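> Pasting a predicted model and its sequence here:
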2 protein chains.
Amino acid sequence: MFTKETYIQRRQALKKQVGTGVVLLLGNEESGMNYAANTYHFRQDSSFLYFFALDKPSLAAVIDLDNNEEIIFGDELSIDDIVWVGTLESLKSQASREAGINQVQASQALKNYLAKIKKEGRAVHFLPPYRPENKLKLQDLLGVHPNESKQAASVKLIKAVVAQREIKSEEEIAEIEKAVLITNEMHLKAMKMAAPGLTEAEIAAAVTKIPLSYDTNLSFPVIATVKGEVLHNHHHHNTLKEGQFFLLDAGAETKLHYAGDMSRTYPVSAKFSARQKKIYTICLDAHEAAIKKCGPGVKYKDVHFTAATTIIKGLKQLGVMKGDETAAAQAGAHALFFQCGTGHQMGLDVHDMEDLGEQYVGYTEEEPKNTQLFGIKSLRMGKELKPGMVITIEPGIYFIPELIDMWKAENRFSEFISYDKVEEYRDFGGIRNEDDVLITKTGYKIFGGFVPKTIADIERYKAGESLEDIIASKKRALQT
Amino acid sequence: MFTKETYIQRRQALKKQVGTGVVLLLGNEESGMNYAANTYHFRQDSSFLYFFALDKPSLAAVIDLDNNEEIIFGDELSIDDIVWVGTLESLKSQASREAGINQVQASQALKNYLAKIKKEGRAVHFLPPYRPENKLKLQDLLGVHPNESKQAASVKLIKAVVAQREIKSEEEIAEIEKAVLITNEMHLKAMKMAAPGLTEAEIAAAVTKIPLSYDTNLSFPVIATVKGEVLHNHHHHNTLKEGQFFLLDAGAETKLHYAGDMSRTYPVSAKFSARQKKIYTICLDAHEAAIKKCGPGVKYKDVHFTAATTIIKGLKQLGVMKGDETAAAQAGAHALFFQCGTGHQMGLDVHDMEDLGEQYVGYTEEEPKNTQLFGIKSLRMGKELKPGMVITIEPGIYFIPELIDMWKAENRFSEFISYDKVEEYRDFGGIRNEDDVLITKTGYKIFGGFVPKTIADIERYKAGESLEDIIASKKRALQT
């Protein structure tokens, strides 16, 4: 259970880390789509949620570290507001009840408050803004130019927030489990539905309906596609056809905004074709090997290399790749097929803390992010795993015609890649499986329940067998 | 059919109206939810869509009126982009094909381009920005401070855009009909579903699924509530109970982003109670009377007063109101129960052109908006209706306890309101019906098909009768 004590303790820990000055966290505003009042669903900033709990727009919070004072800046509702949005608990009462903060001041008082801090020569620590309205606010409140506000953010605060948020508590782990269970349901629905003649949009709609039915939301825009080789494909205008793969990458967030994030790929037809089986098996092997590699003390970079070498090994057996596996992986030759990273941290954000900067979230000063090498530059994390971290494992194999043509023309990595053989898979598309993994003291644990991913299980589930029957027969098989 | 000629003609008409200088229209950007890359669904600016067709982020367009030159500013995809978002048609080709514009320049060229215009002493006309990123851009491009950019917008351009966009063409009317037909389906689904034990969220999810299935979107956030008295209630956490009303206000937009917008209110139970029938009948009478009042040359303000006096008349029969109906309506006494306006224009925006300012969209210089009188200050439009205009008609009756208490304490309008009788309905809630109406040369036309709204039709539909049977028996009744 998240109580006000949860948030008091979180702020207590933050205060210790940051030390002196004033911490300023800006909540998010409502975002207008085509005019100010026609808003997207409200999403509070995750660090604001983590430390201050309050899930409503137009708030800011400060912690005066030198005087141990905490204030929420925000406005109470007027009678006009009540007509439009109903009676709500007062901000003052909510701040006290949910966050354990008893000081609430009007929004307009913040500017003078911060002017005073600056006059005293004290530091104001803020996080890098990602929303334009908060860039505007930082300009107005602190005179920081919008083009400079990311650079002006407090590295001390960023590091303190990352250190806290990346280790999930028992309550947070339970909340992520809830998110992944809803996410499981979304994937089971799509796997059952996917069939020739249906549109991607119809599946995406059915998948989206599930978190909305629980009065919660998607954790990111649904990827529901027969063109899995396009990594972030948010268009849903294709119709599913026999012989294609269908890829769903989708997740829910809970009411407290903890995320789930899963991917599954399966044939539109009832069965995998022989060619589909070959590549799918390699991709699933990489996924399983990477998961098994997870544990405390292991560098995520090595989890990624496990996935990469497994893919190379498999592609060698097909004749698509050749040469020494480790050398090929170190050179980045697999990036023709596996262009992205193996995964990312997950928590209040599906890519947890991505707004705080990959260098701080995924890397260390000793081993900074490699921003040059194609393939590796998209690896969001390299650093050592610790108990309480939550990560995704999602290696994929993608045949991208434009990329194949480019590399082939350059004859890039021809010691590792058999371009003639690659052509046989040019129109294959792209596939991945993704699960969410908790790092425990002794190893790892996969979140959520059973969603078929072996070829046999997928074919049985698509043929109409119940999950219970599939699980029961898997257990029987283990006993014999 | 919308072809590039459609857009060429629209710009031609705009050029004539604005005359000299340079028109600058900023498209919208992707909007990050909890970090920059986790985006809400993209929604292009409606005026940008109207004149430049291009439905993608990070574009700007200029029309040099003095030199009859049109340029799109935007960037082509890199190979890295292609890996993530797939191969797309080049911007240059798309601009030519969809918008009939052959000049495309890189985004970064826009700043110098505008600097040159300013140096020449020519006016740059822009619309009032509603998105913070466009306020930032105007600051960067033109040196307009974000707090001043709304004021600095070109009234000449605003008026020209409104004059064009508010008269819908045949193609636009056909597109709105499509939007309303999808919207009909959403309302029929909810009406059939609504029953004790279901949650508001489950209905909202089923309603949302419908436009998504057609690979399109909602035109605004769904209002699905048993607390209809809260006018813009986007929470869906209640469970439906016997004896309550359920109110759905929801609409779809088409792929070209034309909106539909309807409301229906009906009992959660199978039948209306006697008390529900009384208020519902008044509300439906007001809706029907307001629709019948619509036609070319009629002021929308008078449509609103027709709705208001119909409500007053009905409430007088119940003993809730008293005195002269016209006097009560002119004084605004009905605003205790009918706090908002009767409706608004609808088109590419569900509240069409709301970003351009209500004064320009809904009123005239001769008869400006009354911003003082409660009730009337929420009327979005007062001006004369013209053929080709599309408006919504959605009068409602809302019992808001906080407002009743406030007015009663002040004894406000006690010559028109019987506060003792009001108390009998204190917990009644709030209801409305809403349809979308086209103003024709001779009168009006309601968009879309049949969605039950009389008490008899709603009860029959909820009891499981088919729409076809209900319509057929209505036709038979008309013939006898």
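Great, that's in hand.

> Can you pull the residues of the stretch 201-350 of chain A lying near chain B?
A:201-202, A:204-206, A:208-210, A:212-215, A:220-221, A:227, A:229-237, A:257, A:339, A:348-350 (CB under 8 Å from any CB of the partner chain). Every C-beta, even on glycine, is put in place using the N, C-alpha and C of the backbone.

> Of these, which count as buried by neighbour count?
With burial judged by 16 or more other CB atoms under 10 Å in any protein chain shown, the buried subset of these is A:201-202, A:204-206, A:208-210, A:212-215, A:220-221, A:227, A:229-236, A:257, A:339, A:348-350.

> Name the spans of the stretch 201-350 of chain A whose pLDDT lies under the cut-off.
For the stretch 201-350 of chain A, the stretches with pLDDT under 70 are A:231-233.

> at 80 what do you get?
Filtered on pLDDT under 80, the stretch 201-350 of chain A yields the residue ranges A:231-234.

> just the stretch 51-200 of chain A next, same as before
A:79-88.

> how far away is residue A:455 from residue A:229?
Using CB to CB, to the nearest Å, we find residue A:455 at a distance of 20 Å from residue A:229.

> Repeat that for residue A:425.
10 Å.

> Give me the common contacts of those two.
Taking CB atoms under 8 Å, 6 or more residues apart in numbering or on different chains as the criterion, residue A:425 and residue A:229 both touch residue A:399.

> what are the ranges of the helices in the stretch 351-480 of chain A?
Under the criterion DSSP state H, counting those that start in this stretch, the stretch 351-480 of chain A contains helices at A:358-362, A:401-410, A:419-423, A:455-462, A:467-479.

> In contact with residue A:266, which residues?
Per CB under 8 Å, 6+ apart, neighbours of residue A:266: A:191, A:194, A:245, A:246, A:272, A:458, A:462.

> switch to 6 Å and redo it
Counting by CB atoms under 6 Å, 6 or more residues apart in numbering or on different chains, residue A:266 makes contact with residue A:458.

> Return the distance of it relative to residue A:354.
Using CB to CB, we find residue A:266 at a distance of 28 Å from residue A:354.

> ditto for residue A:41
Residue A:41 is 19 Å from residue A:354, by CB to CB.

> now swap in residue A:406 and tell me
For residue A:406, the distance to residue A:354 (CB to CB) stands at 28 Å.

> Pull up the residues of the stretch 51-200 of chain A that are close to chain B.
Applying CB under 6 Å from any CB of the partner chain, one finds that the stretch 51-200 of chain A approaches chain B through A:82, A:83, A:84, A:86, A:130, A:132, A:133, A:136, A:146.

> Share the number of residues neighbouring the third one, please.
Just to be clear, that refers to residue A:84. 16 (other CB atoms under 10 Å in any protein chain shown).

> Help me confirm that it is found in a strand?
No. Under DSSP: H, G, I helix; E, B strand; the rest coil, residue A:84 sits outside any strand and is assigned helix.

> before we move on, the earlier item: point out the one among the helices of the stretch 351-480 of chain A that comes closest to residue B:52.
helix A:401-410 (27.5 Å; CB to CB).

> That closest one close to chain B?
Yes. Against chain B, helix A:401-410 shows contacts by CB under 6 Å from any CB at residue A:402.

> buried set for that helix?
For helix A:401-410, burial by neighbour count (16+ other CB under 10 Å) applies to A:403, A:404, A:407, A:408.

> could those residues go into a markdown table alongside pLDDT?
Compiled in a markdown table, those are given as follows (pLDDT from 0 to 100):
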| residue | pLDDT |
| --- | --- |
| A:403 | 91 |
| A:404 | 95 |
| A:407 | 95 |
| A:408 | 96 |
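
> Relative to chain B, which of the residues you listed is nearest.
Distance to chain B, by CB to the nearest CB, is smallest for residue A:403 among those, at 6.3 Å.

> so what's residue A:432 up against?
Contact analysis of residue A:432 by CB under 6 Å, 6+ apart lists A:263, A:394, A:396.

> How about the first one: what's its closest non-neighbour residue?
With CB to CB, 6 or more residues apart in numbering or on different chains as the measure, residue A:434 is the residue that lies nearest to residue A:263, at 3.6 Å, once sequence neighbours are left out.

> If I follow the layout properly, that neighbour ends up in contact with residue A:395?
No. The pair residue A:434 and residue A:395 does not pass the contact test of CB atoms under 6 Å, sitting 8.7 Å apart.

> Neighbour count: the two, which is higher?
residue A:395 (30 against 24).

> pretty sure the more buried one contacts residue A:284?
No. Contact criterion CB under 6 Å: residue A:395 and residue A:284 do not qualify, at 9.5 Å.

> Check the helices of the stretch 351-480 of chain A for me and report the most buried one.
Sort those by mean neighbour count, taking mean count of other CB atoms under 10 Å in any protein chain shown, and helix A:358-362 sits at the top with a mean of 20.

> related to what we said a few turns ago, just the buried residues out of the residues of the stretch 51-200 of chain A next to chain B, in PyMOL syntax.
For the buried members of those, the matching PyMOL selection, counting by 16+ other CB under 10 Å, is:
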select buried, chain A and resi 82+83+84+86+130+132+133+136+146
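
> what's the closest of the residues of the stretch 51-200 of chain A next to chain B to residue B:104?
The closest of these to residue B:104 turns out to be residue A:132 (CB to CB; 24.7 Å).

> mind pulling up the phi and psi values for the closest one?
Main-chain dihedrals, residue A:132, degrees, to the nearest 10: phi -60, psi -30.

> Strands of the stretch 201-350 of chain A, start to end?
Applying DSSP state E, counting those that start in this stretch to the stretch 201-350 of chain A gives strands spanning A:217-218, A:223-225, A:245-250, A:252-253, A:262-267.

> among those, which is the most enclosed?
In terms of average neighbour count - mean count of other CB under 10 Å - the standout among those is strand A:252-253, at a mean of 28.

> Packing partners of that strand?
helix A:170-193 (3 or more CB pairs under 6 Å, 6 or more residues apart in numbering or on different chains; DSSP states H and E).

> ok, residues contacting the helix it packs on?
The contact list for helix A:170-193, computed with CB under 6 Å, 6+ apart, reads A:2, A:203, A:206-207, A:210-211, A:248, A:250-254, A:256, A:258-260, A:262, A:264, A:390, A:436, A:447-449, A:451.

> Check which residues of that helix are buried.
A:172-173, A:175-180, A:182-191, A:193.

> what's the answer for stretch A:312-325, then?
Buried residues in stretch A:312-325, counted by 16+ other CB under 10 Å: A:312, A:313, A:314, A:315, A:316, A:318, A:320, A:321, A:322, A:323, A:325.

> do the same with stretch A:25-38
Quick answer for stretch A:25-38 (16+ other CB under 10 Å): A:25-38.

> To which secondary structure element is residue A:94 assigned?
Using DSSP states H and E, residue A:94 sits within helix A:91-94.

> what helices or strands is the next helix or strand after that helix leaning on?
Following helix A:91-94 in sequence order, the next helix or strand is strand A:104-105 (DSSP H and E). Contact here means 3+ CB pairs under 6 Å, 6+ apart; on that basis strand A:104-105 packs against strand A:69-73.

> Just give me how far the strand it packs on sits from the chain centre.
Relative to its chain's centre, strand A:69-73 lies at 30 Å (CA atoms, centre = their mean, to the nearest Å).

> Give me the buried positions along it.
Across strand A:69-73, burial judged by 16+ other CB under 10 Å covers A:70, A:71, A:72, A:73.

> From the residues you listed, pick the one nearest chain B.
residue A:73 (18.5 Å).

> Counting neighbours, which bits of the helix holding residue A:94 end up buried?
Buried residues in helix A:91-94, counting neighbours by 16+ other CB under 10 Å, are found at A:91, A:94.

> Can you pull out the residues in contact with it?
Against helix A:91-94 from outside (CB under 6 Å, 6+ apart): A:74, A:76, A:104.

> now with 7 Å?
With contacts defined as CB atoms under 7 Å, 6 or more residues apart in numbering or on different chains, helix A:91-94 is touched by A:54, A:74, A:76, A:104.
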